[in-house]
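Participant: sharing a model prediction with you, sequence too.
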Amino acid sequence: MKLERTPKSIDLNITTKCNLRCSYCSHFSSAGETDKDLPTEEWLKFFKELKECAVLDVCLSGGEALVRKDIRELIDGIIENRMRFSILSNGILIDDDTASFIKATGRCDSVQVSIDGPGPESHDISRGKGSFEKALSGLRTLIRHEIPATVRVTINKHNYKVLDEVSKLLLEDVGLPSFSTNAASHLGLCRDNADETQLNAEEYAWCVEKLFKLEKKYNGRINAQAGPLASGKHWVEMEKAKAAGLPEIPGRGLLTSCGGVYSKMAVLADGTMVPCSQLPHMNLGRINQDSLADIWLNHPELKRLRDRRDIPLKEFDFCEGCEYIPYCRGGCPALAYTLGGDENIPSPDACYRTFLEAGGKLPKLNN
Amino acid sequence: MSAVSRFPVANPMVIFREELDEWAVLFDPDANETFALDPTSVFIWKLLDGKHCKEDILTKLNEACNDTPEDAPQHLDEFLEELAGKSLIGVEK
(Lines give C-alpha, C1' and ligand atoms only; values in the text may rest on other atoms or scores of the structure.)
Protein backbone atom coordinates (compact mmCIF):
# COMPACT_ATOMS: atom_id res chain seq x y z
CA MET A 1 0.00 0.00 0.00
CA LYS A 2 1.06 3.55 -0.63
CA LEU A 3 2.26 5.41 2.44
CA GLU A 4 1.14 9.03 2.72
CA ARG A 5 3.61 11.73 3.77
CA THR A 6 1.46 12.48 6.82
CA PRO A 7 -1.75 10.87 8.08
CA LYS A 8 -4.79 11.90 6.11
CA SER A 9 -7.13 11.45 9.06
CA ILE A 10 -6.75 11.37 12.82
CA ASP A 11 -9.10 9.81 15.36
CA LEU A 12 -9.21 11.96 18.47
CA ASN A 13 -10.46 10.47 21.72
CA ILE A 14 -11.02 13.93 23.15
CA THR A 15 -12.29 12.62 26.47
CA THR A 16 -12.03 9.49 28.53
CA LYS A 17 -15.35 10.28 30.19
CA CYS A 18 -18.73 8.96 29.16
CA ASN A 19 -22.27 9.37 30.40
CA LEU A 20 -22.98 5.66 29.75
CA ARG A 21 -21.24 2.39 30.65
CA CYS A 22 -22.16 0.03 27.83
CA SER A 23 -21.42 -3.55 28.73
CA TYR A 24 -19.26 -4.16 25.66
CA CYS A 25 -17.55 -0.75 25.46
CA SER A 26 -14.14 -1.02 23.81
CA HIS A 27 -12.86 2.06 25.68
CA PHE A 28 -13.32 1.40 29.38
CA SER A 29 -10.89 -0.99 31.06
CA SER A 30 -8.59 -0.71 28.03
CA ALA A 31 -5.32 1.23 27.94
CA GLY A 32 -7.36 3.98 26.27
CA GLU A 33 -9.10 4.70 29.57
CA THR A 34 -6.68 7.40 30.62
CA ASP A 35 -6.68 9.15 33.98
CA LYS A 36 -7.17 12.64 32.58
CA ASP A 37 -8.42 14.66 29.65
CA LEU A 38 -6.14 17.16 27.95
CA PRO A 39 -7.07 20.80 28.54
CA THR A 40 -8.58 22.82 25.70
CA GLU A 41 -5.41 24.72 24.88
CA GLU A 42 -3.44 21.49 24.34
CA TRP A 43 -5.90 20.31 21.73
CA LEU A 44 -6.01 23.72 20.05
CA LYS A 45 -2.23 23.76 19.84
CA PHE A 46 -2.24 20.28 18.34
CA PHE A 47 -4.82 21.30 15.72
CA LYS A 48 -2.30 23.82 14.40
CA GLU A 49 0.20 21.00 13.92
CA LEU A 50 -2.48 18.99 12.12
CA LYS A 51 -2.94 21.92 9.75
CA GLU A 52 0.81 22.08 9.11
CA CYS A 53 0.70 18.36 8.35
CA ALA A 54 -2.21 18.91 5.93
CA VAL A 55 -4.45 16.50 7.81
CA LEU A 56 -7.81 16.60 6.08
CA ASP A 57 -10.22 15.42 8.73
CA VAL A 58 -10.56 14.29 12.33
CA CYS A 59 -13.03 11.97 14.01
CA LEU A 60 -14.05 13.01 17.52
CA SER A 61 -14.88 10.28 19.98
CA GLY A 62 -14.14 9.26 23.54
CA GLY A 63 -15.63 8.17 25.87
CA GLU A 64 -18.45 10.39 24.70
CA ALA A 65 -17.11 13.37 22.78
CA LEU A 66 -20.08 15.60 23.57
CA VAL A 67 -19.59 15.49 27.34
CA ARG A 68 -16.72 17.93 26.96
CA LYS A 69 -17.95 21.36 27.98
CA ASP A 70 -15.51 22.96 25.54
CA ILE A 71 -16.65 20.86 22.59
CA ARG A 72 -17.67 23.94 20.58
CA GLU A 73 -14.33 25.60 21.19
CA LEU A 74 -12.60 22.45 20.00
CA ILE A 75 -14.73 22.23 16.88
CA ASP A 76 -14.07 25.92 16.20
CA GLY A 77 -10.35 25.09 16.44
CA ILE A 78 -10.77 22.29 13.90
CA ILE A 79 -12.58 24.63 11.51
CA GLU A 80 -10.01 27.39 11.99
CA ASN A 81 -7.29 24.92 11.03
CA ARG A 82 -9.07 24.01 7.80
CA MET A 83 -10.14 20.49 8.61
CA ARG A 84 -13.42 18.65 8.39
CA PHE A 85 -14.73 16.49 11.21
CA SER A 86 -17.03 13.66 12.16
CA ILE A 87 -18.33 12.61 15.57
CA LEU A 88 -19.00 9.21 17.13
CA SER A 89 -21.67 9.61 19.79
CA ASN A 90 -24.17 7.74 21.89
CA GLY A 91 -26.65 10.45 20.91
CA ILE A 92 -27.74 11.30 24.44
CA LEU A 93 -26.56 14.93 24.44
CA ILE A 94 -27.61 15.87 20.93
CA ASP A 95 -30.25 18.57 21.17
CA ASP A 96 -31.39 21.33 18.80
CA ASP A 97 -28.78 23.73 20.08
CA THR A 98 -25.91 21.29 19.57
CA ALA A 99 -27.21 20.22 16.16
CA SER A 100 -27.57 23.88 15.05
CA PHE A 101 -23.98 24.51 16.02
CA ILE A 102 -22.71 21.43 14.16
CA LYS A 103 -24.73 22.27 11.07
CA ALA A 104 -23.53 25.87 11.02
CA THR A 105 -19.89 24.78 10.74
CA GLY A 106 -20.52 23.42 7.25
CA ARG A 107 -17.65 21.00 7.81
CA CYS A 108 -19.28 18.02 9.46
CA ASP A 109 -18.99 14.82 7.43
CA SER A 110 -21.14 12.72 9.74
CA VAL A 111 -22.39 12.13 13.23
CA GLN A 112 -22.67 8.46 14.08
CA VAL A 113 -25.16 7.50 16.78
CA SER A 114 -25.14 4.10 18.43
CA ILE A 115 -28.53 2.40 18.39
CA ASP A 116 -28.70 -1.27 19.23
CA GLY A 117 -32.33 -2.17 18.89
CA PRO A 118 -35.82 -1.18 17.82
CA GLY A 119 -36.75 -0.22 21.38
CA PRO A 120 -35.53 0.13 24.96
CA GLU A 121 -35.63 -3.62 25.69
CA SER A 122 -32.78 -4.53 23.37
CA HIS A 123 -30.85 -1.26 23.62
CA ASP A 124 -31.02 -0.23 27.28
CA ILE A 125 -30.01 -3.66 28.57
CA SER A 126 -26.49 -3.04 27.26
CA ARG A 127 -26.36 0.74 27.31
CA GLY A 128 -28.36 1.83 30.34
CA LYS A 129 -31.94 2.64 31.27
CA GLY A 130 -33.47 5.48 29.30
CA SER A 131 -30.66 5.61 26.77
CA PHE A 132 -32.69 4.34 23.79
CA GLU A 133 -35.25 7.14 23.79
CA LYS A 134 -32.54 9.77 24.15
CA ALA A 135 -30.36 8.22 21.42
CA LEU A 136 -33.30 8.02 19.01
CA SER A 137 -34.27 11.59 19.85
CA GLY A 138 -30.67 12.67 19.19
CA LEU A 139 -30.70 10.87 15.85
CA ARG A 140 -33.97 12.48 14.80
CA THR A 141 -32.63 15.88 15.82
CA LEU A 142 -29.58 15.42 13.58
CA ILE A 143 -31.81 14.48 10.66
CA ARG A 144 -34.10 17.44 11.29
CA HIS A 145 -31.07 19.71 11.06
CA GLU A 146 -29.95 17.99 7.85
CA ILE A 147 -26.69 16.78 9.35
CA PRO A 148 -25.35 13.60 7.72
CA ALA A 149 -26.38 11.10 10.38
CA THR A 150 -25.35 7.47 10.51
CA VAL A 151 -26.09 4.68 12.95
CA ARG A 152 -23.94 1.83 14.20
CA VAL A 153 -25.71 -1.24 15.53
CA THR A 154 -23.42 -3.30 17.74
CA ILE A 155 -24.73 -6.83 17.57
CA ASN A 156 -24.58 -8.77 20.82
CA LYS A 157 -26.39 -11.51 22.69
CA HIS A 158 -29.23 -9.20 23.70
CA ASN A 159 -30.16 -7.79 20.31
CA TYR A 160 -29.26 -10.28 17.62
CA LYS A 161 -32.80 -11.60 17.40
CA VAL A 162 -34.24 -8.16 16.59
CA LEU A 163 -32.23 -7.32 13.48
CA ASP A 164 -35.41 -7.28 11.38
CA GLU A 165 -37.01 -4.78 13.69
CA VAL A 166 -34.01 -2.49 14.06
CA SER A 167 -33.55 -2.46 10.28
CA LYS A 168 -37.18 -1.45 9.85
CA LEU A 169 -36.84 1.28 12.46
CA LEU A 170 -33.72 2.79 10.94
CA LEU A 171 -34.35 2.34 7.22
CA GLU A 172 -38.13 2.66 7.02
CA ASP A 173 -39.40 4.61 10.02
CA VAL A 174 -36.45 6.97 10.55
CA GLY A 175 -35.55 6.88 6.86
CA LEU A 176 -31.75 6.67 7.06
CA PRO A 177 -30.06 6.02 3.71
CA SER A 178 -28.09 3.23 5.38
CA PHE A 179 -26.66 2.01 8.65
CA SER A 180 -23.71 -0.11 9.70
CA THR A 181 -23.26 -3.11 11.96
CA ASN A 182 -20.44 -4.67 13.89
CA ALA A 183 -20.38 -7.04 16.85
CA ALA A 184 -19.41 -6.84 20.50
CA SER A 185 -15.71 -7.69 20.28
CA HIS A 186 -13.04 -8.76 22.71
CA LEU A 187 -11.88 -5.24 23.57
CA GLY A 188 -12.21 -3.09 26.68
CA LEU A 189 -15.13 -3.89 28.98
CA CYS A 190 -16.35 -6.57 26.62
CA ARG A 191 -13.48 -8.77 27.77
CA ASP A 192 -14.99 -8.80 31.28
CA ASN A 193 -18.52 -9.34 29.98
CA ALA A 194 -17.78 -11.70 27.11
CA ASP A 195 -20.20 -14.42 28.17
CA GLU A 196 -23.12 -12.01 28.44
CA THR A 197 -22.35 -9.97 25.35
CA GLN A 198 -20.40 -11.80 22.65
CA LEU A 199 -22.09 -14.03 20.11
CA ASN A 200 -21.18 -17.72 20.01
CA ALA A 201 -20.62 -19.45 16.67
CA GLU A 202 -24.24 -20.52 16.33
CA GLU A 203 -25.55 -17.04 17.03
CA TYR A 204 -22.92 -15.54 14.75
CA ALA A 205 -24.00 -17.85 11.93
CA TRP A 206 -27.63 -16.92 12.55
CA CYS A 207 -26.69 -13.24 12.21
CA VAL A 208 -24.72 -13.81 9.01
CA GLU A 209 -27.75 -15.42 7.37
CA LYS A 210 -30.16 -12.81 8.69
CA LEU A 211 -27.97 -9.89 7.62
CA PHE A 212 -27.49 -11.36 4.15
CA LYS A 213 -31.28 -11.45 3.78
CA LEU A 214 -31.76 -7.97 5.18
CA GLU A 215 -29.01 -6.53 3.02
CA LYS A 216 -30.78 -7.98 0.00
CA LYS A 217 -34.20 -6.80 1.15
CA TYR A 218 -32.91 -3.25 1.66
CA ASN A 219 -30.78 -3.14 -1.51
CA GLY A 220 -27.39 -2.91 0.16
CA ARG A 221 -28.36 -0.25 2.69
CA ILE A 222 -26.78 -2.25 5.53
CA ASN A 223 -23.02 -2.28 5.61
CA ALA A 224 -20.19 -3.43 7.83
CA GLN A 225 -16.45 -3.37 8.16
CA ALA A 226 -16.46 -5.90 11.00
CA GLY A 227 -18.86 -8.31 12.64
CA PRO A 228 -21.14 -10.96 11.11
CA LEU A 229 -22.00 -9.16 7.87
CA ALA A 230 -18.39 -8.30 7.02
CA SER A 231 -16.99 -11.65 8.11
CA GLY A 232 -19.79 -13.53 6.39
CA LYS A 233 -19.09 -11.82 3.07
CA HIS A 234 -15.39 -12.47 3.42
CA TRP A 235 -15.95 -16.12 4.28
CA VAL A 236 -18.33 -16.61 1.35
CA GLU A 237 -15.70 -15.13 -0.94
CA MET A 238 -13.17 -17.60 0.48
CA GLU A 239 -15.51 -20.55 -0.02
CA LYS A 240 -16.23 -19.51 -3.60
CA ALA A 241 -12.53 -19.14 -4.40
CA LYS A 242 -11.80 -22.55 -2.92
CA ALA A 243 -14.73 -24.17 -4.73
CA ALA A 244 -13.55 -22.63 -8.02
CA GLY A 245 -10.11 -24.09 -7.46
CA LEU A 246 -8.37 -20.73 -7.41
CA PRO A 247 -4.83 -21.13 -6.10
CA GLU A 248 -5.19 -17.86 -4.20
CA ILE A 249 -6.95 -14.52 -4.00
CA PRO A 250 -4.45 -11.72 -4.78
CA GLY A 251 -3.23 -10.02 -1.63
CA ARG A 252 -4.41 -12.83 0.62
CA GLY A 253 -2.50 -15.46 2.53
CA LEU A 254 -0.84 -12.60 4.41
CA LEU A 255 -1.77 -10.38 7.36
CA THR A 256 -3.43 -7.82 5.07
CA SER A 257 -6.69 -7.18 6.90
CA CYS A 258 -6.05 -3.65 8.04
CA GLY A 259 -4.59 -0.81 6.01
CA GLY A 260 -5.43 1.88 8.55
CA VAL A 261 -1.81 2.50 9.50
CA TYR A 262 -1.13 3.77 5.99
CA SER A 263 -3.52 6.72 6.22
CA LYS A 264 -4.67 7.19 9.82
CA MET A 265 -3.50 7.58 13.38
CA ALA A 266 -5.21 8.25 16.71
CA VAL A 267 -4.71 10.26 19.87
CA LEU A 268 -5.94 9.24 23.31
CA ALA A 269 -7.63 11.61 25.74
CA ASP A 270 -4.37 12.31 27.59
CA GLY A 271 -2.51 13.20 24.40
CA THR A 272 -0.81 9.86 23.79
CA MET A 273 -0.39 9.15 20.10
CA VAL A 274 -1.30 5.60 19.08
CA PRO A 275 -1.67 3.83 15.72
CA CYS A 276 -5.40 3.26 16.25
CA SER A 277 -7.96 3.84 19.01
CA GLN A 278 -8.24 0.07 19.30
CA LEU A 279 -4.50 -0.25 19.88
CA PRO A 280 -4.24 2.10 22.89
CA HIS A 281 -1.37 0.17 24.48
CA MET A 282 1.00 1.21 21.65
CA ASN A 283 2.35 4.50 22.91
CA LEU A 284 4.06 6.29 20.00
CA GLY A 285 4.65 9.62 21.71
CA ARG A 286 2.83 12.67 23.05
CA ILE A 287 1.17 15.47 21.14
CA ASN A 288 2.82 18.88 21.40
CA GLN A 289 6.02 17.20 22.56
CA ASP A 290 6.79 14.78 19.72
CA SER A 291 6.49 15.57 16.02
CA LEU A 292 3.49 13.92 14.42
CA ALA A 293 5.15 13.86 10.99
CA ASP A 294 8.31 12.31 12.39
CA ILE A 295 6.42 9.63 14.30
CA TRP A 296 4.30 8.90 11.24
CA LEU A 297 7.27 8.27 8.97
CA ASN A 298 9.84 6.89 11.38
CA HIS A 299 8.38 5.25 14.47
CA PRO A 300 9.53 1.61 14.56
CA GLU A 301 6.23 0.36 15.96
CA LEU A 302 4.28 1.91 13.09
CA LYS A 303 6.76 0.38 10.67
CA ARG A 304 6.25 -2.96 12.37
CA LEU A 305 2.48 -2.67 11.96
CA ARG A 306 2.83 -1.68 8.32
CA ASP A 307 5.16 -4.61 7.71
CA ARG A 308 2.51 -7.04 8.91
CA ARG A 309 1.14 -7.03 5.38
CA ASP A 310 4.19 -9.00 4.29
CA ILE A 311 3.86 -11.73 6.94
CA PRO A 312 2.59 -15.02 5.45
CA LEU A 313 -0.15 -16.80 7.38
CA LYS A 314 1.55 -20.11 6.73
CA GLU A 315 4.26 -19.10 9.20
CA PHE A 316 1.86 -19.37 12.13
CA ASP A 317 1.15 -22.53 14.09
CA PHE A 318 -2.41 -21.22 14.47
CA CYS A 319 -2.93 -21.53 10.71
CA GLU A 320 -1.16 -24.87 10.28
CA GLY A 321 -3.05 -27.19 7.97
CA CYS A 322 -5.72 -24.62 7.13
CA GLU A 323 -7.02 -24.99 3.60
CA TYR A 324 -8.25 -21.40 3.56
CA ILE A 325 -4.83 -19.74 3.96
CA PRO A 326 -4.55 -18.56 0.30
CA TYR A 327 -7.86 -16.69 0.64
CA CYS A 328 -7.52 -15.30 4.18
CA ARG A 329 -6.41 -11.84 5.42
CA GLY A 330 -5.69 -12.68 9.05
CA GLY A 331 -8.08 -10.34 10.83
CA CYS A 332 -7.90 -7.19 12.94
CA PRO A 333 -4.54 -6.44 14.61
CA ALA A 334 -6.28 -5.03 17.71
CA LEU A 335 -8.20 -8.25 18.28
CA ALA A 336 -5.07 -10.25 17.48
CA TYR A 337 -3.45 -8.38 20.37
CA THR A 338 -6.27 -8.69 22.90
CA LEU A 339 -6.82 -12.36 22.09
CA GLY A 340 -3.26 -13.44 21.35
CA GLY A 341 -0.92 -10.85 22.82
CA ASP A 342 0.62 -9.66 19.55
CA GLU A 343 -0.68 -7.39 16.77
CA ASN A 344 1.24 -9.24 14.08
CA ILE A 345 -0.44 -12.61 14.37
CA PRO A 346 -3.75 -13.86 12.94
CA SER A 347 -6.81 -12.94 14.98
CA PRO A 348 -8.90 -15.91 16.14
CA ASP A 349 -11.89 -13.55 16.08
CA ALA A 350 -11.99 -13.46 12.29
CA CYS A 351 -10.88 -17.03 11.66
CA TYR A 352 -13.21 -18.96 9.40
CA ARG A 353 -11.79 -22.35 10.39
CA THR A 354 -12.31 -21.52 14.07
CA PHE A 355 -15.90 -20.50 13.26
CA LEU A 356 -16.53 -23.80 11.47
CA GLU A 357 -14.90 -25.88 14.20
CA ALA A 358 -17.10 -24.16 16.78
CA GLY A 359 -20.19 -25.29 14.90
CA GLY A 360 -20.71 -22.23 12.72
CA LYS A 361 -21.83 -22.54 9.13
CA LEU A 362 -22.52 -20.20 6.28
CA PRO A 363 -25.97 -19.93 4.69
CA LYS A 364 -26.57 -21.81 1.48
CA LEU A 365 -26.10 -19.45 -1.41
CA ASN A 366 -27.68 -19.54 -4.85
CA ASN A 367 -24.72 -17.95 -6.56
CA MET B 1 -11.03 37.12 -21.65
CA SER B 2 -9.30 35.13 -18.93
CA ALA B 3 -10.40 35.75 -15.36
CA VAL B 4 -7.06 34.54 -14.04
CA SER B 5 -5.02 37.23 -12.36
CA ARG B 6 -1.78 38.27 -14.02
CA PHE B 7 -0.13 37.28 -10.76
CA PRO B 8 -2.16 34.23 -9.75
CA VAL B 9 -2.35 33.41 -6.08
CA ALA B 10 -3.42 30.19 -4.39
CA ASN B 11 -6.60 30.30 -2.33
CA PRO B 12 -5.24 30.33 1.25
CA MET B 13 -8.20 28.28 2.48
CA VAL B 14 -7.20 25.34 0.30
CA ILE B 15 -5.12 22.55 1.82
CA PHE B 16 -2.10 21.57 -0.27
CA ARG B 17 -1.18 18.01 0.61
CA GLU B 18 2.03 16.70 -0.89
CA GLU B 19 2.58 12.98 -1.11
CA LEU B 20 5.80 11.00 -1.08
CA ASP B 21 5.60 10.29 -4.83
CA GLU B 22 5.73 14.04 -5.66
CA TRP B 23 2.07 14.17 -6.55
CA ALA B 24 -0.23 16.25 -4.37
CA VAL B 25 -3.85 16.85 -3.54
CA LEU B 26 -5.63 20.15 -3.15
CA PHE B 27 -8.48 19.94 -0.68
CA ASP B 28 -11.21 22.51 -0.23
CA PRO B 29 -12.59 21.76 3.25
CA ASP B 30 -15.70 23.85 2.71
CA ALA B 31 -16.68 22.28 -0.59
CA ASN B 32 -15.30 18.90 0.54
CA GLU B 33 -13.67 18.50 -2.86
CA THR B 34 -10.22 17.28 -3.83
CA PHE B 35 -8.13 18.01 -6.90
CA ALA B 36 -5.11 15.91 -7.84
CA LEU B 37 -1.87 17.54 -8.99
CA ASP B 38 0.82 15.74 -10.95
CA PRO B 39 4.46 16.68 -10.28
CA THR B 40 4.47 19.45 -12.94
CA SER B 41 1.28 20.90 -11.52
CA VAL B 42 2.82 20.74 -8.04
CA PHE B 43 5.78 22.75 -9.36
CA ILE B 44 3.42 25.38 -10.76
CA TRP B 45 1.22 25.44 -7.65
CA LYS B 46 4.19 26.37 -5.50
CA LEU B 47 4.71 29.45 -7.67
CA LEU B 48 1.15 30.70 -7.25
CA ASP B 49 2.11 33.17 -4.56
CA GLY B 50 0.92 36.40 -6.18
CA LYS B 51 4.53 37.32 -6.97
CA HIS B 52 5.01 35.27 -10.14
CA CYS B 53 3.26 36.11 -13.40
CA LYS B 54 2.58 33.47 -16.05
CA GLU B 55 5.76 34.37 -17.90
CA ASP B 56 7.78 33.89 -14.70
CA ILE B 57 6.19 30.50 -14.19
CA LEU B 58 6.97 29.44 -17.75
CA THR B 59 10.56 30.60 -17.39
CA LYS B 60 10.98 28.58 -14.20
CA LEU B 61 9.36 25.58 -15.85
CA ASN B 62 11.80 25.83 -18.75
CA GLU B 63 14.69 26.05 -16.30
CA ALA B 64 13.52 23.02 -14.39
CA CYS B 65 12.61 20.79 -17.34
CA ASN B 66 14.76 19.76 -20.28
CA ASP B 67 11.99 19.26 -22.77
CA THR B 68 9.16 21.71 -22.08
CA PRO B 69 6.65 21.26 -24.94
CA GLU B 70 6.00 24.14 -27.32
CA ASP B 71 2.40 24.39 -26.26
CA ALA B 72 3.32 24.71 -22.56
CA PRO B 73 1.92 28.28 -22.40
CA GLN B 74 -1.45 27.01 -23.59
CA HIS B 75 -1.38 24.15 -21.07
CA LEU B 76 -0.51 26.60 -18.32
CA ASP B 77 -3.42 28.84 -19.29
CA GLU B 78 -5.79 25.89 -19.28
CA PHE B 79 -4.50 24.68 -15.94
CA LEU B 80 -4.86 28.10 -14.33
CA GLU B 81 -8.34 28.52 -15.80
CA GLU B 82 -9.32 25.16 -14.34
CA LEU B 83 -7.98 26.14 -10.92
CA ALA B 84 -9.80 29.46 -11.10
CA GLY B 85 -13.00 27.70 -12.11
CA LYS B 86 -12.78 25.64 -8.95
CA SER B 87 -11.94 28.67 -6.80
CA LEU B 88 -8.56 27.18 -5.99
CA ILE B 89 -6.74 30.35 -7.05
CA GLY B 90 -7.63 34.00 -6.99
CA VAL B 91 -9.15 35.68 -10.05
CA GLU B 92 -9.03 39.23 -11.39
CA LYS B 93 -11.78 41.40 -9.90
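Facilitator: Happy to help now that I have it. Numbers count the residues shown, from 1 in each chain, chains lettered A, B, ... in the order given.

Participant: of all the residues in chain B, which one is nearest chain A?
Facilitator: B:Arg17 (4.0 Å; Cβ to the nearest Cβ). Bear in mind the C-beta positions are built from the backbone N, C-alpha and C, glycine included.

Participant: neighbours around the nearest residue to A:Thr338 once chain neighbours are set aside, how many?
Facilitator: Spatial nearest neighbour of A:Thr338, excluding adjacent residues (Cβ to Cβ, 6 or more residues apart in numbering or on different chains): A:His186 at 5.1 Å. Using other Cβ atoms under 10 Å in any protein chain shown, A:His186 is surrounded by 19 other residues.

Participant: ok, A:Leu38 touching A:Leu268?
Facilitator: No: using Cβ atoms under 8 Å, A:Leu38 is not in contact with A:Leu268; the gap is 9.1 Å.

Participant: quick one: buried residues of stretch A:347-367?
Facilitator: By 16 or more other Cβ atoms under 10 Å in any protein chain shown, the buried positions in stretch A:347-367 come out as A:347-355, A:360, A:362.

Participant: one more: stretch A:227-237?
Facilitator: Result for stretch A:227-237 [16+ other Cβ under 10 Å]: buried residues A:227-236.

Participant: next: stretch A:205-225.
Facilitator: Applying 16+ other Cβ under 10 Å to stretch A:205-225 flags A:205-208, A:210-212, A:214-215, A:218, A:222, A:224 as buried.

Participant: go on, stretch A:235-249?
Facilitator: A:235-236, A:238, A:241, A:249.

Participant: in helices, which of those residues fall?
Facilitator: Under the assignment DSSP state H, the buried residues of stretch A:235-249 contribute A:235-236, A:238, A:241 to helices.

Participant: what's the longest helix in chain B?
Facilitator: Chain B, longest helix under DSSP H: helix B:72-85.

Participant: if we can go back for a sec, in JSON lines, list the buried residues of stretch A:205-225 along with distance to A:Leu60.
Facilitator: JSON lines is the format used below for the buried residues of stretch A:205-225 (distance: Cβ to Cβ, whole Å):
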{"residue": "A:Ala205", "distance to A:Leu60": "36"}
{"residue": "A:Trp206", "distance to A:Leu60": "34"}
{"residue": "A:Cys207", "distance to A:Leu60": "29"}
{"residue": "A:Val208", "distance to A:Leu60": "32"}
{"residue": "A:Lys210", "distance to A:Leu60": "32"}
{"residue": "A:Leu211", "distance to A:Leu60": "28"}
{"residue": "A:Phe212", "distance to A:Leu60": "33"}
{"residue": "A:Leu214", "distance to A:Leu60": "30"}
{"residue": "A:Glu215", "distance to A:Leu60": "29"}
{"residue": "A:Tyr218", "distance to A:Leu60": "29"}
{"residue": "A:Ile222", "distance to A:Leu60": "25"}
{"residue": "A:Ala224", "distance to A:Leu60": "22"}
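
Participant: pull the most distant pair out of those.
Facilitator: A:Ala205 and A:Tyr218 (20.7 Å; Cβ to Cβ).

Participant: mind listing what the residue lying closest to A:Ile71 once chain neighbours are set aside touches?
Facilitator: Closest residue to A:Ile71 apart from its sequence neighbours, by Cβ to Cβ, 6+ apart: A:Ala65 at 6.6 Å. Taking Cβ atoms under 8 Å, 6 or more residues apart in numbering or on different chains, we find A:Ala65 in contact with A:14-15, A:71, A:87-89.

Participant: for chain A, give me the ranges with low pLDDT.
Facilitator: Chain A contains residues with pLDDT under 70 at A:365-367.

Participant: which residue sits closest to the residue in it positioned nearest to chain B, ignoring its sequence neighbours?
Facilitator: Residue nearest to chain B within chain A (Cβ to the nearest Cβ): A:Ala54, separated by 4.0 Å. Leaving out its chain neighbours, the residue that sits closest to A:Ala54 by Cβ to Cβ, 6+ apart is B:Arg17, at 4.0 Å.

Participant: out of the buried residues of stretch A:347-367, which touch chain B?
Facilitator: When contact is defined as Cβ under 8 Å from any Cβ of the partner chain, these do not meet chain B at all.

Participant: in a markdown table: these, plus distance to A:Asn159.
Facilitator: Formatted as a markdown table, the buried residues of stretch A:347-367 follow (distance: Cβ to Cβ, whole Å):
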| residue | distance to A:Asn159 |
| --- | --- |
| A:Ser347 | 23 |
| A:Pro348 | 23 |
| A:Asp349 | 19 |
| A:Ala350 | 21 |
| A:Cys351 | 24 |
| A:Tyr352 | 24 |
| A:Arg353 | 27 |
| A:Thr354 | 23 |
| A:Phe355 | 20 |
| A:Gly360 | 19 |
| A:Leu362 | 22 |
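
Participant: nearest to A:Asn193, of those residues?
Facilitator: Looking at the buried residues of stretch A:347-367 and their distance to A:Asn193, the nearest is A:Asp349, at 15.8 Å (Cβ to Cβ).

Participant: got phi/psi on that closest one?
Facilitator: phi -60, psi -30 (degrees, to the nearest 10).

Participant: surely it meets A:Ala183?
Facilitator: No: assessed by Cβ under 8 Å, A:Asp349 is found out of contact with A:Ala183, at 9.0 Å.

Participant: pLDDT (mean, whole number) over whichever helix or strand B:Thr40 is part of?
Facilitator: Here B:Thr40, judged by DSSP states H and E, is contained in helix B:39-45. Per-residue pLDDT values across helix B:39-45 average out to 96.

Participant: check which residues of that helix are buried.
Facilitator: B:40-45.

Participant: which residues of chain B lie near chain A?
Facilitator: Residues of chain B lying near chain A (Cβ under 8 Å from any Cβ): B:13, B:15-21, B:27, B:29-30, B:32.

Participant: now, of those residues, which are buried?
Facilitator: By 16+ other Cβ under 10 Å, those give B:15-19, B:27, B:29 as buried.

Participant: mind putting those into JSON lines with pLDDT, distance to A:Asp95 and secondary structure?
Facilitator: Below are these laid out as JSON lines (pLDDT from 0 to 100; distance: Cβ to Cβ, whole Å; DSSP: H, G, I helix; E, B strand; the rest coil):
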{"residue": "B:Ile15", "pLDDT": "97", "distance to A:Asp95": "32", "secondary structure": "strand"}
{"residue": "B:Phe16", "pLDDT": "97", "distance to A:Asp95": "38", "secondary structure": "strand"}
{"residue": "B:Arg17", "pLDDT": "97", "distance to A:Asp95": "35", "secondary structure": "strand"}
{"residue": "B:Glu18", "pLDDT": "95", "distance to A:Asp95": "41", "secondary structure": "strand"}
{"residue": "B:Glu19", "pLDDT": "93", "distance to A:Asp95": "41", "secondary structure": "coil"}
{"residue": "B:Phe27", "pLDDT": "97", "distance to A:Asp95": "31", "secondary structure": "strand"}
{"residue": "B:Pro29", "pLDDT": "97", "distance to A:Asp95": "26", "secondary structure": "coil"}
